[in-house]
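**Q** Let's see this in three dimensions:
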Amino acid sequence: MENLLCKEEKLIQLLKELHKRVHTAIETSLYTSLDLVKEATPYLDRIYCDLKIEDDKAHIEATGVSNAIIKENLAYLLTSEHKDKVTVRTPLIPGYTSDDDNIKSIASYLYSLYPDVRYELLNYNPLASAKI
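**A** Modelled structure (predicted):
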């Protein structure tokens, strides 16, 4: 645990220094602690994050983990002063994420948090199949 905290502290220090000099952005699944999201967000100019599957049971079946942490972090971001930095993405993976019900469910969930949310659907990339 100590090693992880050390890495998180180094990440925040790096973001602080970079943010003074360059535009900072992150692409993330948001599968991390809310504390780290809160600490990092002020030093990020853009945040690109995925919400692949809205239904928790289906998310667990497809990815092996719950989406509760991801949704908690999204809820924080999309109701915070940083909401306009965020772009949420859904990669359209046949058989997993691309059905209309999933997309409508995600869009509805995001809209309930922040009606002006940026939401993008990403075309399927067969080279990324090992990531799901």
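**Q** Where is the longest helix in the protein?
**A** With DSSP state H setting the assignment, residue counts place helix 2-21 as the longest helix in the chain.
**Q** Show me what that one is packed up against.
**A** Helix 2-21 sits against helix 34-40, with contacts defined as 3 or more Cβ pairs under 8 Å, 6 or more residues apart in numbering; DSSP states H and E. For every residue, glycine as well, the C-beta is placed using N, CA and C.
**Q** Mind listing the strands the helix or strand just after the helix it packs on pairs with, and their directions?
**A** Note on helix 34-40: by DSSP states H and E, the next helix or strand toward the C-terminus is strand 46-50. As defined by DSSP bridges, the strand partners of strand 46-50 come to strand 25-28 (parallel), strand 86-91 (parallel).
**Q** could those strands be laid out in JSON lines, adding mean neighbour count?
**A** Shown next, in JSON lines, are those (neighbours: other Cβ atoms under 10 Å):
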{"stretch": "strand 25-28", "mean neighbour count": "14"}
{"stretch": "strand 86-91", "mean neighbour count": "19"}
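**Q** Would you convert the ones you listed into JSON lines that also reports distance to residue 9 and mean pLDDT?
**A** Shown next, in JSON lines, are those (distance: least, Cβ to Cβ, whole Å; pLDDT from 0 to 100):
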{"stretch": "strand 25-28", "distance to residue 9": "17", "mean pLDDT": "96"}
{"stretch": "strand 86-91", "distance to residue 9": "24", "mean pLDDT": "97"}
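**Q** Using CSV, lay out those strands together with distance to residue 70.
**A** Below are the strands paired with strand 46-50 laid out as CSV (distance: least, Cβ to Cβ, whole Å):
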stretch, distance to residue 70
strand 25-28, 9
strand 86-91, 10
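**Q** Residue 67: which of these is closest?
**A** Closest approach to residue 67 among these is made by strand 86-91 (12.0 Å; Cβ to Cβ).
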